[in-house]
Every structure is written in C-alpha cells, then in structure tokens.
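Asks: Let me see the structure of the following:
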Amino acid sequence: MAKRRKPMKRSPGAGTARRHARLRPRGRPGGLSKQEIPPFMLFVTRETPTAQKIDIIRAGVGARVVDDMVAYLQVPKAVIFALLHTPESTAHKLIKDNRNLDAAASERVVRVADITRLAQATFGAREAATHWLKSVNLALAGVTPLSMLDTEPGAGEVRRLLHAIDAGGVL
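Replies: Below is the predicted model of the structure:
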C-alpha cells in the first residue's frame with residue numbers, strides 16, 4: 001500500500017517566485033541584467049503567456065517603451081507615435097512624467113513585439129526581420145508590414161504572410 005504524502009505548509013505567495021522564474025527569458029541578450037534590458041526587447045525575446053499579456057496591457061506599458069521601440073526597430077519616433085495612435089505631445093509628456101501608456105497603446109506595443117518575434121523566427125535574425133518589417137511589400141498592397149501593425153486585422157495579414165514565408169512562400 002502506497003503511503004500518502006502530506007501537503008507541505010507554505011507561506012502566502014511561496015509559489016510566486018517559482019512561477020515568475022519560469023516566465024524569465026533564458027539567457028539575457030548581450031549579457032545584460034534584467035534591469036538593463038529595455039522593456040520592448042524583453043517582449044520580443046520571450047513569449048509571454050496570454051494571461052500575463054492581458055495584465056500588462058491593462059496596467060499599461062511604461063511610456064519609455066517608445067524610445068526602446070525606436071532603438072530596436074531603428075525607425076523615427078514619428079513612426080512609433082503613428083503606430084501607437086498616440087500624439088507626439090502626449091507621448092513626450094507621459095515619458096517625462098514616467099507614466100504608462102493607455103491600454104490601447106499598450107496592446108499595440110505587445111502586438112508589435114509579438115510580430116517582431118515572429119519575423120525574427122521566420123528570417124533568423126533581428127536585422128533581417130526589422131529590415132523586412134520596414135520594407136514595402138507587394139503582398140500587403142505596397143505598404144510596409146510595420147505600418148499594418150496598428151490594427152489587429154492588419155497584424156493578422158502580416159502574421160499570415162510570415163507564416164506563408166515560413167512554409168515556403170505559398171500564399
């Protein structure tokens with residue numbers, strides 16, 4: 001007869017450290033510590049569980065992510081402001097006051113990061129992925145994939161195209 005194990009007594013929140021440890025990316029890009037990694041790069045380098053994405057979106061992403069996106073994607077700030085549907089003056093004020101973007105803009109940040117991660121997986125490198133995202137594409141009616149990411153239907157088209165490229169170019 002098998003012996004029954006007694007449940008261990010745990011203090012409140014004892015499992016949270018383990019749960020969060022599973023969500024951390026393995027290996028830090030460029031050997032940076034977690035505090036040094038720009039938030040947008042964290043979103044791009046790891047798949048975030050849906051429940052956590054929802055929490056991040058509802059709480060709002062820090063407005064300083066705009067600068068991270070500009071640096072990561074190597075585009076002018078105006079492109080990011082247009083992508084997030086955030087007026088430049090509003091974004092600058094949020095950044096200056098160290099505040100968060102609203103839920104809609106935060107969702108767009110997460111969406112851009114997800115598509116960027118997918119592009120990197122498809123093309124094998126950050127440079128190739130960002131170049132593709134910024135290049136005019138005939139399959140997208142002559143616009144850049146990055147410009148399509150401000151809406152979910154546009155992002156869906158970009159995902160469809162990336163999956164087609166990954167599968168050998170069949171549209």
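Asks: what's near enough to touch the nearest residue to F40 once chain neighbours are set aside?
Replies: Spatially, and ignoring its direct neighbours in sequence, F40 is nearest to D68 (3.7 Å; Cβ to Cβ, 6 or more residues apart in numbering). (Each C-beta comes from the backbone N, C-alpha and C, glycine too.) Remark: with contacts taken as Cβ atoms under 8 Å, 6 or more residues apart in numbering, D68 is in contact with P38, P39, F40, M41.
Asks: What separation is there between T86 and Q74?
Replies: T86 sits 19 Å away from Q74 when distances are taken as Cβ to Cβ, to the nearest Å.
Asks: In the longest helix seen in the chain, which residues are buried?
Replies: Looking across the chain with DSSP state H, the single longest helix is helix 103-123. Of all the residues in helix 103-123, those buried under the rule 16 or more other Cβ atoms under 10 Å are 105-120, 122-123.
Asks: Leaving out the residues flanking it, which one is nearest to Q74?
Replies: Nearest to Q74 is T130, by Cβ to Cβ, 6+ apart, at 6.2 Å.
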